[in-house]
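Peer 1: Next comes the sequence, and after it the predicted model I'd like to discuss.
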Amino acid sequence: MRFLSATALMLAAAATCAMPAARAQSAQTSGTAAAAVSAGKSYELDVDATKQWVDTNIDLRAGEKLHITGTGTITYPASDSSKSKARTTGPDGLARGWADLIHQYAVADGGHGALIGRLGAGDGGQPFLVGAAGDYQAPVAGRLFLGINQSLKDAQTATGSFHVKIEVTDAGLNTAAAVIAGGPPETAITSITPALLGEIPRRVNDPQGNPGDMVNILIVGTQEQVVQAFTAAGWVQVDKSVQDTVVAGLVASLAKKDYLTMPMSTLYLFDRAQDYGFAHAEAVRVAMSRNHLRVWKSPYTADGQPVWCVAATHDIGLERDQRNNGVTHKIDPAIDGEREYVNDTLSSTGLVVERGHVTPANPLTEAKTATGGSFHSDGRILVLVLKAAATTGNK
């Protein structure tokens, strides 16, 4: 299993916001509003090699389209190894190598040192590859950040910079909602009635029937819409078995890409195993630490659409499994943080049309997982209603 664990390690975008070029620095320092954007307008700034993320000081509307180009080079110095050489790259980045399987890069399949972007300062925004030239459309409103696909350690010794030009090709939607950052505003979801909440179990079970994680999210939409939303938000479906894990790890290694899909244990709701497992791994610690969740299609509907139940938790390490004295994942006991992480990541895709929180009549505020770990919550359940697609049918 040594080969598997080596290929399974990954990274989450651990980004720190840095100051951009002089023009943007001046605006930020003076406290003035972010640059107003309009079609035909353009901006230029430098992305220094010593920064992971740079605040462009440009706020985008939902639907706004950009053409971004980068020039220049950055250099990573030789390491202490006698065989190591300095490496220089342009905005497309260096070709992936075996050493990149264990890394700290924000864009999983992007070249090492490539020019990248992200909408929003928080971890909820999905980083995207820019390279030497790329087009981008903002799914929701938010602040644009540019960065380099590198680790914090890389940034400590890298030299050089990319000069970036940002051209607005479409000003986006001209509505009040188009300037609300991060997705739709919080609202009451009337289709999620008290009677429906009363039918949804508060917790899931392990194979032995022991109660475990809390059902802390409900998603309204079709199967295709659910998968599309998680995929767009950068979540990946996990493998269903150890055999799948070995095969996927081998394929990922041969392609010199991240292995993102380590399996999770099977839990039960409505007397059946989860329909989907999704994960968002963290920096080079996927075996120990990752955002993850399980999804079940419920037998209920809201406004004629399927209701999906989600149990989301954040693995932060390992602990003793009190059922059998084995080793299991330890979750962050403050599970509401993971609920809101899912909220941020899915809402930033533009595929969520309504969102809100509801409190059932019998809220769960404190409990233990099936393995014995404790957790606590404010008892609220997040509700996300997904955007309907004309080509998508109900399932």
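Peer 2: Perfect, thanks for sending it. Numbering: from 1, shown residues only.

Peer 1: could you dump whatever helix or strand residue 383 lives in to CSV, C-alpha only?
Peer 2: Here residue 383, judged by DSSP states H and E, is contained in strand 381-386. C-alpha atoms of strand 381-386 as CSV (Å, rounded to 0.1, in the frame of the first residue of the first chain):
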residue,chain,number,x,y,z
ILE,A,381,-30.2,22.4,7.9
LEU,A,382,-28.9,24.1,4.7
VAL,A,383,-31.3,24.0,1.8
LEU,A,384,-30.0,24.5,-1.8
VAL,A,385,-32.3,24.7,-4.8
LEU,A,386,-30.5,24.0,-8.1
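
Peer 1: any weak-confidence spans in the protein?
Peer 2: For the chain, applying pLDDT under 70 flags the ranges 1-38, 81-82, 97-104, 239-263, 281-289, 316-330, 389-395.

Peer 1: can you tell me how far residue 367 sits from residue 132?
Peer 2: Applying C-beta to C-beta, to the nearest Å, the value for residue 367 to residue 132 is 51 Å. Bear in mind the C-beta positions are built from the backbone N, C-alpha and C, glycine included.

Peer 1: Repeat that for residue 272.
Peer 2: From residue 272 to residue 132 the distance is 48 Å (C-beta to C-beta).

Peer 1: who's more crowded, those two?
Peer 2: residue 132 (15 against 10; other C-beta atoms under 10 Å).

Peer 1: Tell me how many other residues crowd the residue nearest to that one when sequence neighbours are not counted.
Peer 2: The shortest distance from residue 132 to any non-neighbouring residue, by C-beta to C-beta, 6 or more residues apart in numbering, is to residue 91 (4.5 Å). Neighbours of residue 91 under the rule other C-beta under 10 Å: 28.

Peer 1: thinking residue 91 is in contact with residue 70, fair?
Peer 2: Yes. Contact criterion C-beta atoms under 8 Å: residue 91 and residue 70 qualify, at 3.5 Å.

Peer 1: which residues are in contact with both of these two?
Peer 2: 115, 130, 131, 132, 162 (C-beta atoms under 8 Å, 6 or more residues apart in numbering).

Peer 1: Let me have those in a markdown table, extended by secondary structure and distance to residue 145.
Peer 2: Formatted as a markdown table, the shared contacts of residue 91 and residue 70 follow (DSSP: H, G, I helix; E, B strand; the rest coil; distance: C-beta to C-beta, whole Å):
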| residue | secondary structure | distance to residue 145 |
| --- | --- | --- |
| 115 | strand | 12 |
| 130 | coil | 11 |
| 131 | coil | 16 |
| 132 | coil | 19 |
| 162 | strand | 14 |
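
Peer 1: Sort out which of these are buried, if you could.
Peer 2: Buried subset of the shared contacts of residue 91 and residue 70 (neighbour count, 16 or more other C-beta atoms under 10 Å): 115, 130, 131, 162.
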